[in-house]
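K.L.:
Model the following, please.
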Amino acid sequence: MKNTRNRGVQSDLVRAGRKSPQCFGRLPVKSMGLFGRRKAKSSTEKAKKVSKWVEKAKASSIWGGHNADEIDGINTLGGVVAALALSFVFGLQYMVAPGSEQMIYADFRSMFCKSQEFRTLVIDVFKTEDIGKHSEEYFNFTKMVRPNIYFDIEQFLRTTMAERYPGNSESVSEHMSCISDKDVQTVVAFTSVEFPMEYAQAFMLQTGDLYRWSKSSEYIGSLAGSFIMASLLWSIILNLSLALAPVREDESGTALVAWLMVGGPTMCMNYIFLVVGLLLYFVTHGRLLVAMSAFVEQTLVNAVDISLFAILLPVFIIGGLLGIIATVWSSRNTPATATKDTPKVTDMMVPKASSNADDAIPLQIEEKIEKISDTKMDGSDNLKESRM
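P.N.:
Sure, this is the predicted structure:
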């Protein structure tokens, strides 16, 4: 019984194979419906319907007229710049972290300007703590700053500075003027070397909410690292998305336009993240220079007023405007026939496929076959002439 059934199935397959011998190898799956698969779509069925939004976007000058390599290059550029900038940002974050040598000095100076209680603590510690390296020694509050001119640090901290800068002020401009004051910087220069910094750190921990220079620097540096890292991750995701999308297989460019409708705004946001991160990195770098400087006023002029506001921001804005103007001017002065008359590389290289499976032969192979048949015909004609 099994043999008769197998013969019956084989005879049915042979009959079906006589009708369509090209599909004989796929016939058990496609015709019998094994594994629940649907029948293959014929070439006469309708193609996928393109969204109206994609068709309108393709006709526009913003989304249309691009190629996949161009978009891939833009994504790659953003990723390379983000990866390069990220290496500098991580190194800068270690330098502006609370507890580093530069930040301890800056926080000590900020505490002088923000808290009268801290100024009193400094005086009490210097009067009770032995600061001698080899013998018992206490801090001398009277220092010579010029020949025969002395500066009384204790009197300045208790009265003069308390009147000039009461402390606990939320004004940023007042704080910057305080750390730029030459008398305050003189006091910091004498006391920061000898003062036990563990007392300053304990005071900051106990008081809590007082302003620290390292707190703002660390916050801005962390934001810079986060934005640049986000830009790098988005560049990787966009490159993977573009590689997996059928933008290179679709010669009409419709798939690329559809990808750009989502990927284009994402690319713009990615570059915004990168630019914001770079600007924040520059601000953090300037704050680090101010923290390390013993001449704050001149450092603020060089690192902030000149470098940031007088050079960097104007050059960035002018460069961005010139780039936009160049792109718009080039688009407006491009001939309309330039893209239509220029043949595509894919049209010259890729062979066209025929609807019939027997005729689906590359054009180059067809030309070779025709040349071979022509040479055979010429050879047979020559033989006939020689015989005659």
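K.L.:
Now do the same for residue 232: helix, strand or coil?
P.N.:
At residue 232 the chain is in helix, as set by DSSP: H, G, I helix; E, B strand; the rest coil.
K.L.:
tell me the contacts of the closest residue to it other than its chain neighbours?
P.N.:
Spatial nearest neighbour of residue 232, chain neighbours left out: residue 82 (3.9 Å); criterion: Cβ to Cβ, 6 or more residues apart in numbering. Quick note: C-beta positions are derived from backbone N, CA and C, even for glycine. The contact partners of residue 82, by Cβ atoms under 8 Å, 6 or more residues apart in numbering, come to 228-229, 231-232, 235, 274, 277.
K.L.:
So which elements touch the top helix by length along the chain?
P.N.:
Identified as the longest helix of the chain according to DSSP state H is helix 254-292. On a contact count with 3 or more Cβ pairs under 8 Å, 6 or more residues apart in numbering; DSSP states H and E, helix 254-292 meets helix 52-59, helix 68-95, helix 101-114, helix 213-244, helix 296-300.
K.L.:
Next one: the residue nearest to residue 232, what pLDDT does it get?
P.N.:
At residue 82, the model reports a pLDDT of 96.
K.L.:
separation between it and residue 282?
P.N.:
Separation of residue 82 from residue 282 (Cβ to Cβ, to the nearest Å): 15 Å.
K.L.:
Centre-most residue in the chain?
P.N.:
residue 231 (2.4 Å; Cα atoms, centre = their mean).
K.L.:
who's in contact with that residue?
P.N.:
Taking Cβ under 8 Å, 6+ apart, we find residue 231 in contact with 78-79, 82, 270-271, 273-274, 277.
K.L.:
tell me the two of these that are most distant?
P.N.:
Maximum pairwise distance in those, criterion Cβ to Cβ, is 13.2 Å, between 79 and 277.
K.L.:
of those two, who's got more company?
P.N.:
residue 277 (24 against 21; other Cβ atoms under 10 Å).
K.L.:
Next, the contact list for the more buried one, please.
P.N.:
82, 85, 89, 223-228, 230-231.
K.L.:
now swap in residue 247 and tell me
P.N.:
Contacts of residue 247 (Cβ under 8 Å, 6+ apart): 68, 71, 255-256, 259.
K.L.:
from those residues, which two are the most distant?
P.N.:
71 and 255 (11.7 Å).
K.L.:
Report the secondary structure state of residue 145.
P.N.:
Once three-state DSSP is applied, residue 145 turns out strand.
K.L.:
List the contacts of the closest residue to it other than its chain neighbours.
P.N.:
Spatial nearest neighbour of residue 145, chain neighbours left out: residue 151 (4.7 Å); criterion: Cβ to Cβ, 6+ apart. Residue 151 makes contacts with 142-145, 183, 186, as judged by Cβ under 8 Å, 6+ apart.
K.L.:
Now residue 151. Its backbone dihedrals?
P.N.:
phi -120, psi 120 (degrees, to the nearest 10).
K.L.:
List the beta-bridge partners for it.
P.N.:
residue 143 (DSSP bridges).
K.L.:
Compute the distance between it and residue 157, please.
P.N.:
11 Å.
K.L.:
For PyMOL, what selects the buried ones among the contacts of residue 151?
P.N.:
Applying 16 or more other Cβ atoms under 10 Å to the contacts of residue 151, the buried members can be selected in PyMOL as follows:
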select buried, resi 186
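K.L.:
Out of the contacts of residue 82, which end up buried?
P.N.:
Buried among the contacts of residue 82 (16+ other Cβ under 10 Å): 228-229, 231-232, 235, 274, 277.
K.L.:
Give me the buried subset of the contacts of residue 277.
P.N.:
82, 85, 89, 223-225, 227-228, 230-231.
K.L.:
Mind telling me the two of those residues farthest from one another?
P.N.:
Taking Cβ to Cβ, the two most distant members of these are 82 and 223; they sit 14.7 Å apart.
K.L.:
can you list the weak-confidence ranges in this protein?
P.N.:
1-48, 61, 134, 209-210, 336-388 (pLDDT under 70).
K.L.:
Walk me through the domains of it.
P.N.:
54-91+215-294, 99-211 (automatic domain parsing).
K.L.:
Pull up the distance across the first one, start to finish.
P.N.:
This points to domain 54-91+215-294. 61 Å (Cα to Cα, to the nearest Å).
K.L.:
Relative to the whole chain's centre, how far out is it?
P.N.:
Centroid separation for domain 54-91+215-294 versus its chain: 4 Å, with Cα atoms, centre = their mean, to the nearest Å.
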